[in-house]
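I need the structure of the sequence given here:
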Amino acid sequence: EDPRGRLACWHKAFELFCRGLFNLYCPLKVIGRENLPSPPFMFCSNHCSHMDSAALMYAGGEDFDQYGMVAAKDYFFDNQKRNSFLSKLMNLIPADRSARRATIVKLMIACREFTRHGNRSLIIYPEGTRSLNGEMAPLKKGPAMIASELNIPIVPAYMHGTFASLPKFGKFPKPRRINVYFGEPIHPQRLAKRDETSRLIYTELTNELAKRIRALYDQHHGR
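Model prediction:
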């Protein structure tokens, strides 16, 4: 449901704080916003910092309440202090890091219900965790599975600057310029072929996503 009462105030305060952060302290530039489709869709990007989700929501141009972040259950939800604080600021959707079928099905149902309510969008990091060195790790297939089953497009994104501002063990953001690149959306059903199994479709979609994020990386670094 949409946040209400005091919870809505927390959400809005967080959004206003981030808008100030990305306008004044860490100036953020968006490249490719015209590539964003109509919601619901899924942002998938490299992941280097706790700033990443806020940067994506700000770059997306919609109210922050329109985005839900798939978050590791053991890190964000099993810690009571972290859970109670962050749940007031963002729409967090718990994800069990185990690859059991039952946990994946539960995550798919939660994502479906979130996007169905008001055509909201998702943020998922295919690497599964933050990078320790700023480089992108191999992508997991979970986002491809969710996007395929829910039939929502994936928007590949690349962020530069969040690692320099707030790396994994950083305590407070440093003033750095941040660039967010959005690529053209990937439509799962357009990649699907009738003679392929679901597993092959997930692999193909994941490989295509990695290819497009790498292309955005090359675009930023002039390669």
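
So which other helices or strands are in contact with the longest helix belonging to the chain?
When every helix of the chain is counted residue by residue (DSSP state H), the longest turns out to be helix 198-221. Applying 3 or more Cβ pairs under 8 Å, 6 or more residues apart in numbering; DSSP states H and E, one finds that helix 198-221 contacts strand 42-45, helix 142-150, strand 154-160, strand 178-182, helix 188-191. In short, each C-beta sits where N, CA and C put it, glycine included.

CSV for these, including mean pLDDT and mean neighbour count?
CSV is the format used below for the helices and strands packed on helix 198-221 (pLDDT from 0 to 100; neighbours: other Cβ atoms under 10 Å):
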stretch, mean pLDDT, mean neighbour count
strand 42-45, 98, 27
helix 142-150, 92, 22
strand 154-160, 98, 25
strand 178-182, 98, 23
helix 188-191, 83, 14
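
What are the buried residues along the longest helix of the chain?
By neighbour count, with 16 or more other Cβ atoms under 10 Å as the criterion, the buried positions of helix 198-221 are 201-202, 204-206, 208-210, 212-213, 216-217.

With stretch 160-174 instead?
Of the residues in stretch 160-174, those buried under the neighbour-count criterion (16+ other Cβ under 10 Å) are 160-167, 173.

closest to residue 185 among the buried residues of helix 198-221?
Checking these against residue 185 by Cβ to Cβ gives residue 212 as the nearest, at 9.6 Å.

so that closest one makes contact with residue 186?
Yes. Residue 212 is within contact range of residue 186, at 6.9 Å (criterion: Cβ atoms under 8 Å).

and for the two, which residues touch both?
Counting by Cβ atoms under 8 Å, 6 or more residues apart in numbering, the contacts common to residue 212 and residue 186 are residue 156.

Other residues contacting stretch 157-172?
When contacts are taken as Cβ under 8 Å, 6+ apart, the neighbours of stretch 157-172 outside the stretch itself are 26, 28, 43-46, 48-52, 55-56, 59, 130-132, 134, 173-183, 213, 216-217, 219-220.

try it again with 7 Å
Contacts to stretch 157-172, defined as Cβ atoms under 7 Å, 6 or more residues apart in numbering, come from residues 26, 43-46, 48-52, 55-56, 130-132, 134, 173-174, 176-182, 213, 216-217, 220.

May I see the buried residues of helix 198-221 organised as CSV, with pLDDT added?
As requested, these are arranged in CSV below (pLDDT from 0 to 100):
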residue, pLDDT
201, 89
202, 91
204, 93
205, 94
206, 96
208, 96
209, 97
210, 97
212, 97
213, 98
216, 97
217, 96
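
Save those residues as JSON lines, and put in distance to residue 6 too.
As requested, these are arranged in JSON lines below (distance: Cβ to Cβ, whole Å):
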{"residue": "201", "distance to residue 6": "43"}
{"residue": "202", "distance to residue 6": "41"}
{"residue": "204", "distance to residue 6": "45"}
{"residue": "205", "distance to residue 6": "40"}
{"residue": "206", "distance to residue 6": "40"}
{"residue": "208", "distance to residue 6": "43"}
{"residue": "209", "distance to residue 6": "38"}
{"residue": "210", "distance to residue 6": "41"}
{"residue": "212", "distance to residue 6": "40"}
{"residue": "213", "distance to residue 6": "38"}
{"residue": "216", "distance to residue 6": "39"}
{"residue": "217", "distance to residue 6": "41"}
